[in-house]
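Asker: output the structure for:
(chains A and B)
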Number of protein chains: 2
Amino acid sequence: MLENKDQSKTSLSQLGEFGLINHITKNFSIQQQSTIKAIGDDAAVLDFKSKKTVVSTDLLVEGVHFDLSYMPLKHLGYKAVVVNVSDICAMNATPTQVTVSIAVSNRFPLEAIEELYEGIRLACDFYKVDLIGGDTTSSTTGLLISVTALGEATEEEITYRSGAQENDLLVVTGDIGSAYMGLQVLEREKQVFLVNPQNQPNLEDYSYIIERQLKPEARNDIKELLQKLDVKPTSMIDISDGISSEIMHICKASNVGCNLYEDKLPLDPQLINVCEEFNLDSTTIAINGGEDYELLFTVSMNDFEKIKGNPHLSIIGHITAEKEGIHLITRENTKLPLKARGWNALNEEE
Amino acid sequence: MLENKDQSKTSLSQLGEFGLINHITKNFSIQQQSTIKAIGDDAAVLDFKSKKTVVSTDLLVEGVHFDLSYMPLKHLGYKAVVVNVSDICAMNATPTQVTVSIAVSNRFPLEAIEELYEGIRLACDFYKVDLIGGDTTSSTTGLLISVTALGEATEEEITYRSGAQENDLLVVTGDIGSAYMGLQVLEREKQVFLVNPQNQPNLEDYSYIIERQLKPEARNDIKELLQKLDVKPTSMIDISDGISSEIMHICKASNVGCNLYEDKLPLDPQLINVCEEFNLDSTTIAINGGEDYELLFTVSMNDFEKIKGNPHLSIIGHITAEKEGIHLITRENTKLPLKARGWNALNEEE
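Answerer: Here you go, the predicted model:
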């Protein structure tokens, strides 16, 4: 589908670099007041006034971070923006702009690049971030996407990984582990397809976890939610590598320990069912599976009443002294040292 | 040399992603007051106070933008920063930070990545820009570098492509065409080497033009120079694709025409000699050869006395009404329509 064998498709070389940039960016609009000049000069010009500027960048490589055999290009474009917007949200900042550069081989026709940018545009619209620059170039093989996201926040709002204090509560948004199991289902179906291309997969029972993998969302609602609750997080990180790895980052940066409670982990019922089907332990998946793009943060114990019972937030542990280490407290009340394996490590073990 | 066949070299997989980032960024220091938090959290935090933020990004792909058989990795790292810093300078802004992401195949040992980052560090030191973020990931083939540069400027300082006015003078810094001919020499020597690896090239006669290709510098001195001369440029762009293409950009964005004078083009004597040796017309090379990273700008005719005779600046033409078009006035006083072929196009013709 993606290969440029169809003579009715438009080859990239027909357009040239400047033509391609003009063509794919013409549907993008500017929504942020801070964007003074977007695409069209040597650089974009932004005005954050008295606010601080927050900057993050990520590189997505075909065959390493995504597989186009089950990742539609529109979803890929959307996800490339989301993972960077998520990093800005993890600073308790508001995402405002992105730059998107792509390296693409000639096997992709113009129509494929249009699909990719349609996903990028949808994400920009949804998160109200402006596309302010980028570069398009050819690659010798495959597709590569480099996104840099910018955001803004006041000095008081910005939340680092390093602010967690002893006795703070550990909180996570949404649910975790689903994006990883969504990937497992997609990879299984790909194997089935390779064996029998006639097989029509019925993915209805997996719709939620597949959507978590293919169309994750960044939690750009949490900054406002916490403001309304009058809660100032003490530390914050987003879950890209897996909650166990992210807890390690907070503890290392804050010089603290942590107790994580197995029975408090927010798991979607579909995730539990699929873990049973795959004969996998759902707790292992929940703490090591990555790409959920939820936010993990700490708040003072004094804020307990303000956040308890909130449907977006789960209190899953508390911060301890550094010397007490980092542990998972199991349902059977056993204390296990937490290991940050990350979802890549998890993959290798299977 | 770059392949990881030497067992004494360190493989990237031994370090892991976080280990690699820590290892290669440990020698970088922070020099800009605007850098509040660099590497180590979900995002960097910057404070440009009342100044505007300027952002530019570029992607360099092995086999498309560089050839490691004659481009040492240290030079490549240096150049990757320079081309982005140059874009910030082309807004008449001051470069302040960069993010650098790389995708790299396992054929590169750690020592090669160290070489690359040593070049990046040298450029950061020289241009006083802080490395504030990035991503390192594996690629299925080759090396790819994505750099985003940030800078700062007051509203009055920022210079767009779109401000050129009729009768303005067209000015270029330094000399042009040398980087392109440097590349031609390097490619010829590569062919010689492929035929006879024993041949030791004598590159002394080409030292300047080769350096212009392998170690270009961004003109971050021009903003200050113009301030001292009390000259405010009306439009500005940097020369990456070739001066003829860049003149087109200024004219299109400013809705003006231009006369460019062949006898005013600043050519280095070594460039003229090498063009003769290659039997190429030096004017064609000077106006179409790219990668010089000099600045091209326009100033009011009233500023003529302030800039004439300045060793860094050459007045090479003047701006006309849009309807008069864009022309090269030859030494024989013939008026030729200027064509923006760019250096890629130039390459294809030969």
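
Asker: just for the stretch 201-350 of chain A, where's the confidence low?
Answerer: Across the stretch 201-350 of chain A, the ranges flagged by pLDDT under 70 are A:340-350.

Asker: where along it do the strands fall?
Answerer: Remark: strands assigned in the stretch 201-350 of chain A by DSSP state E, counting those that start in this stretch are A:235-238, A:256-261, A:295-299, A:313-321, A:326-329, A:335-337.

Asker: right, and those strands - which one's nearest residue A:202?
Answerer: Across those, residue A:202 has its closest neighbour in strand A:313-321 (31.2 Å, Cβ to Cβ). Quick note: C-beta positions are derived from backbone N, CA and C, even for glycine.

Asker: any buried residues in that closest one, and which?
Answerer: For strand A:313-321, the neighbour count (16 or more other Cβ atoms under 10 Å in any protein chain shown) marks A:313, A:314, A:315, A:316, A:317, A:318, A:319, A:320 as buried.

Asker: and if you look at stretch A:175-195?
Answerer: A:175-186, A:189.

Asker: residue contacts, residue A:256?
Answerer: By Cβ atoms under 8 Å, 6 or more residues apart in numbering or on different chains, the residues touching residue A:256 are A:164, A:165, A:166, A:250, A:319, A:320, A:321, A:322.

Asker: farthest pair within those?
Answerer: A:250 and A:321 (14.4 Å).

Asker: quickly find the element holding residue A:95.
Answerer: strand A:94-104 (DSSP states H and E).

Asker: which helices and strands does the helix or strand that comes right after that strand pack with?
Answerer: Downstream of strand A:94-104, the first helix or strand assigned by DSSP H and E is helix A:110-127. Contacts defined by 3 or more Cβ pairs under 8 Å, 6 or more residues apart in numbering or on different chains; DSSP states H and E place helix A:110-127 against helix A:12-25, helix A:73-89, strand A:94-104, strand A:130-133.

Asker: now with 6 Å, please.
Answerer: helix A:73-89 (3 or more Cβ pairs under 6 Å, 6 or more residues apart in numbering or on different chains; DSSP states H and E).

Asker: and the contacts of the helix it packs on?
Answerer: The set of residues external to helix A:73-89 that reach it, using Cβ atoms under 6 Å, 6 or more residues apart in numbering or on different chains, is A:54, A:56, A:58, A:60, A:66, A:95, A:98, A:112, A:115-116, A:118-120, A:122-123, A:127, A:145, A:147, A:149, A:151, A:214-216, A:218-220, A:238, A:293, B:42-43.

Asker: could you give the average pLDDT over that helix?
Answerer: The average pLDDT within helix A:73-89 is 96.

Asker: convert it to PDB, retaining C-alpha atoms only.
Answerer: Output in PDB follows, covering the C-alpha atoms of helix A:73-89 (Å, rounded to 0.1, in the frame of the first residue of the first chain):
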ATOM      1  CA  LEU A  73       0.600   6.700   8.800                       C
ATOM      2  CA  LYS A  74      -2.100   9.100  10.100                       C
ATOM      3  CA  HIS A  75      -1.900   7.500  13.500                       C
ATOM      4  CA  LEU A  76       1.900   7.600  13.400                       C
ATOM      5  CA  GLY A  77       1.800  11.400  12.700                       C
ATOM      6  CA  TYR A  78      -0.700  11.900  15.500                       C
ATOM      7  CA  LYS A  79       1.400   9.800  18.000                       C
ATOM      8  CA  ALA A  80       4.700  11.600  17.000                       C
ATOM      9  CA  VAL A  81       3.200  14.800  18.200                       C
ATOM     10  CA  VAL A  82       1.500  13.200  21.300                       C
ATOM     11  CA  VAL A  83       4.700  11.800  22.700                       C
ATOM     12  CA  ASN A  84       6.400  15.200  22.600                       C
ATOM     13  CA  VAL A  85       3.400  17.100  23.900                       C
ATOM     14  CA  SER A  86       3.400  14.500  26.800                       C
ATOM     15  CA  ASP A  87       6.900  15.600  27.800                       C
ATOM     16  CA  ILE A  88       5.800  19.200  28.000                       C
ATOM     17  CA  CYS A  89       2.800  18.200  30.100                       C
END
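
Asker: any idea of the angle it forms with strand A:94-104?
Answerer: Helix A:73-89 runs at 140 degrees relative to strand A:94-104, counting by axes from the mean of the first three to the mean of the last three Cα atoms, to 10 degrees.

Asker: what residues does chain A have near chain B?
Answerer: With Cβ under 6 Å from any Cβ of the partner chain as the criterion, chain A meets chain B at residues A:41-47, A:52-59, A:61, A:63-64, A:87-88, A:90-91, A:99, A:101, A:103, A:133, A:135, A:137-141, A:146, A:148, A:158, A:160-161, A:238.

Asker: among those residues, which ones are in strands?
Answerer: A:44-46, A:52-59, A:61, A:99, A:101, A:103, A:133, A:137-138, A:146, A:148, A:238 (DSSP state E).

Asker: buried subset of those residues as a PyMOL selection?
Answerer: To isolate the buried subset of these in PyMOL, counting by 16+ other Cβ under 10 Å, use the following:
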select buried, chain A and resi 44+45+46+52+53+54+55+56+57+58+59+61+99+101+103+133+137+138+146+148+238
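
Asker: got the contact list for the nearest residue to residue A:144 once chain neighbours are set aside?
Answerer: Spatial nearest neighbour of residue A:144, chain neighbours left out: residue A:103 (4.4 Å); criterion: Cβ to Cβ, 6 or more residues apart in numbering or on different chains. Contacts for residue A:103 (Cβ under 6 Å, 6+ apart) come out as A:137, A:139, A:144, B:59, B:61.

Asker: these two touch, right, the fourth one and residue A:133?
Answerer: What that stands for is residue B:59. No - if you go by Cβ atoms under 6 Å, residue B:59 and residue A:133 don't touch, sitting 11.4 Å apart.

Asker: just the helices in the stretch 151-300 of chain A please.
Answerer: A:178-195, A:207-214, A:222-228, A:243-254, A:269-277, A:282-288 (DSSP state H, counting those that start in this stretch).

Asker: CSV for these, including distance to residue A:171?
Answerer: Below are these laid out as CSV (distance: least, Cβ to Cβ, whole Å):
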stretch, distance to residue A:171
helix A:178-195, 18
helix A:207-214, 19
helix A:222-228, 10
helix A:243-254, 11
helix A:269-277, 19
helix A:282-288, 15
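
Asker: follow-up on the earlier one: with pLDDT added, can I get the buried residues of stretch A:175-195 in CSV?
Answerer: Below are the buried residues of stretch A:175-195 laid out as CSV (pLDDT from 0 to 100):
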residue, pLDDT
A:175, 97
A:176, 97
A:177, 96
A:178, 97
A:179, 96
A:180, 96
A:181, 96
A:182, 95
A:183, 94
A:184, 95
A:185, 94
A:186, 92
A:189, 88
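
Asker: closest to residue B:23 out of the buried residues of strand A:313-321?
Answerer: Of those, the one sitting nearest to residue B:23 (Cβ to Cβ) turns out to be residue A:319, at 29.0 Å.

Asker: could you measure from that closest one over to residue A:219?
Answerer: For residue A:319, the distance to residue A:219 equals 21 Å [Cβ to Cβ, to the nearest Å].

Asker: ok so, going back, export the buried residues of strand A:313-321 as JSON lines, with columns for distance to residue A:31.
Answerer: Formatted as JSON lines, the buried residues of strand A:313-321 follow (distance: Cβ to Cβ, whole Å):
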{"residue": "A:313", "distance to residue A:31": "28"}
{"residue": "A:314", "distance to residue A:31": "32"}
{"residue": "A:315", "distance to residue A:31": "35"}
{"residue": "A:316", "distance to residue A:31": "35"}
{"residue": "A:317", "distance to residue A:31": "38"}
{"residue": "A:318", "distance to residue A:31": "39"}
{"residue": "A:319", "distance to residue A:31": "38"}
{"residue": "A:320", "distance to residue A:31": "43"}
